[in-house]
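[1] Structure here, sequence nowhere to be found:
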């Protein structure tokens, strides 16, 4: 999605039209997958388990990641607000769409790298089998009770549709 957002912003910045529906799809994907699913699992399950395990360095890392989650939510809120303004024929909203979408991309690229290179290896090497089982159970609960059955497939289809439109050529 981050690469798709870059392509969308490039189009907007060069004066090309982008369907408002595509912008809505991007926002829905970000809110449903990145925030509700991914960040939700971290905030509601992984982070509390890691804090409880008193892993050296985890508290500071988690604090930074939580700040970044909040920043990302703010960028997406402003992005969505600008999309709504654009739908009301506010042409000046296009710049705000691009600015906030790119702020989100620039935040999330290093955020994801930090998770992959530091957070997840820290959890893998420090949590016991029982804690990892508790984590897996919590993730499954979020998938069924918060995200919803089959929601991942809907979001993946949305992502595939956007990728087909913006990533080819």
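    Great, that's in hand. Predicted model only: the values in this text are computed from it and were never measured. Residues are numbered from 1 along each chain as shown.

[2] roughly how far out does whatever helix or strand residue 135 lives in sit from the chain middle?
    Assigning secondary structure by DSSP states H and E places residue 135 in helix 129-141. Mean C-alpha position of helix 129-141 versus that of the full chain (C-alpha atoms, centre = their mean, to the nearest Å) differs by 22 Å.

[3] what mean pLDDT would you report for that helix?
    Helix 129-141 carries an average pLDDT of 96.

[4] ditto for stretch 76-86
    Averaged across stretch 76-86, pLDDT comes to 97.

[5] ditto for stretch 48-65
    In this model, stretch 48-65 has an average pLDDT of 96.

[6] How far does that stretch stretch from one end to the other?
    In stretch 48-65, first residue to last residue: 13 Å (C-alpha to C-alpha, to the nearest Å).

[7] Name the residues of it that are buried.
    Neighbour counts using 16 or more other C-beta atoms under 10 Å place 49, 50, 55, 58, 61, 62, 65 of stretch 48-65 among the buried residues. Placement of C-beta: from N, CA and C, glycine included.

[8] With secondary structure and distance to residue 151 as extra columns, can I get these in CSV?
    What follows is the buried residues of stretch 48-65, written out as CSV (DSSP: H, G, I helix; E, B strand; the rest coil; distance: C-beta to C-beta, whole Å):
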residue, secondary structure, distance to residue 151
49, helix, 24
50, helix, 26
55, coil, 31
58, helix, 29
61, helix, 29
62, helix, 26
65, helix, 23
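
[9] which one of those residues is nearest residue 147?
    Top of the list for closeness to residue 147, among those and by C-beta to C-beta, is residue 49 at 19.1 Å.

[10] so who does that closest one touch?
    Contact analysis of residue 49 by C-beta atoms under 8 Å, 6 or more residues apart in numbering lists 123, 127, 131, 134, 135, 138.

[11] quick one: which of those has the most company?
    Across these, the neighbour count under other C-beta atoms under 10 Å reaches its highest value at residue 123, namely 21 neighbours.

[12] Residue 103 reaches residue 73, doesn't it?
    No - using C-beta atoms under 8 Å, residue 103 is not in contact with residue 73, being 11.8 Å away.
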